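Colleague: would you be able to build a 3D model of this:
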Amino acid sequence: MSPEYREVQVRAATEADLGSLTDLYNHYVRETPITFDTEPCTPEQRRSWLLSHPEDGPHRLLVARDRTYRSLLGYVTSTPFRIKPAYATSVEVSVYCAREVVGRGVGTLLYKALFEALADEDVHRAYAGIALPNEASVRLHTRFGFRHVGTYGEVGRKFGRYWDVAWYEKRLD
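Modeller: Down below sits the predicted model:
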């Protein structure tokens, strides 16, 4: 991690983080194909998403904040992979970093904290969908032991074009 971000606190998200979380996410909605949401959202629209991630259990939302400046550096989530009961031991994971810290180790720090938190949970597999191209995300997931299991061709349309999504899998137990 870069020296300027050594004073980072990773913790469970709270309602006090909602505005910052929404702002960070909306950057990716407006500027990138990383998420397939196409319209920015308000904090009120994101509240139920935040509340669906308790402090414990397999579905987490962790934030990284700079202790000195108290700014949101990024967040990581584990969410239900699919809604049917047999999928309960699988999660989908995502990590989002503030644009000014991309490539500076914040994503690594967040994934490390998430996988440590999930180690005591009844979770068997983690899955990540990566809109392509996104070499930085592919490298991050590969570094954490994810392996490519397939690619959906032109599965999403945003910014007037179609995007492929590569799917990665990690064994957790």
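
Colleague: beta partners of Cys97?
Modeller: Gly74 (DSSP bridges).

Colleague: what sits against it?
Modeller: Listed by Cβ atoms under 8 Å, 6 or more residues apart in numbering, the contact set of Cys97 reads Leu73, Gly74, Val106, Gly107, Leu110. C-beta here means a position set from N, CA and C on the backbone, and glycine is covered the same way.

Colleague: which of the residues you listed sits closest to Val93?
Modeller: Closest approach to Val93 among the contacts of Cys97 (Cβ to Cβ): Leu110, at 9.9 Å.

Colleague: can you pick out the most distant pair from the contacts of Cys97?
Modeller: Leu73 and Gly107 (9.6 Å).

Colleague: would you mind measuring from Glu116 to Val10?
Modeller: As judged by Cβ to Cβ, to the nearest Å, Glu116 and Val10 stand 10 Å apart.

Colleague: which one's more surrounded, the two?
Modeller: Val10 (20 against 10; other Cβ atoms under 10 Å).

Colleague: format the contacts of Cys97 as CSV; extra columns: distance to Arg67 and pLDDT.
Modeller: CSV is the format used below for those (distance: Cβ to Cβ, whole Å; pLDDT from 0 to 100):
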residue, distance to Arg67, pLDDT
Leu73, 10, 96
Gly74, 14, 97
Val106, 13, 95
Gly107, 18, 95
Leu110, 15, 97
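
Colleague: which residues of this protein fall in strands?
Modeller: Under the criterion DSSP state E, strands of the chain are mapped to 8-12, 61-66, 72-80, 90-97, 125-131, 147-158, 161-171.

Colleague: mind checking which of these is nearest Cys41?
Modeller: Of the strands of the chain, nearest to Cys41 by Cβ to Cβ is strand 90-97, at 13.6 Å.

Colleague: keeping just the C-alphas, turn that closest one into PDB.
Modeller: Extracted in PDB, the C-alpha atoms of strand 90-97 (Å, rounded to 0.1, in the frame of the first residue of the first chain):
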ATOM      1  CA  SER A  90     -22.000 -19.200  -2.300                       C
ATOM      2  CA  VAL A  91     -21.500 -15.500  -2.400                       C
ATOM      3  CA  GLU A  92     -20.800 -12.900  -5.100                       C
ATOM      4  CA  VAL A  93     -18.100 -10.400  -4.200                       C
ATOM      5  CA  SER A  94     -17.300  -6.900  -5.500                       C
ATOM      6  CA  VAL A  95     -14.800  -4.300  -4.600                       C
ATOM      7  CA  TYR A  96     -14.900  -0.600  -5.500                       C
ATOM      8  CA  CYS A  97     -12.100   1.900  -4.900                       C
END
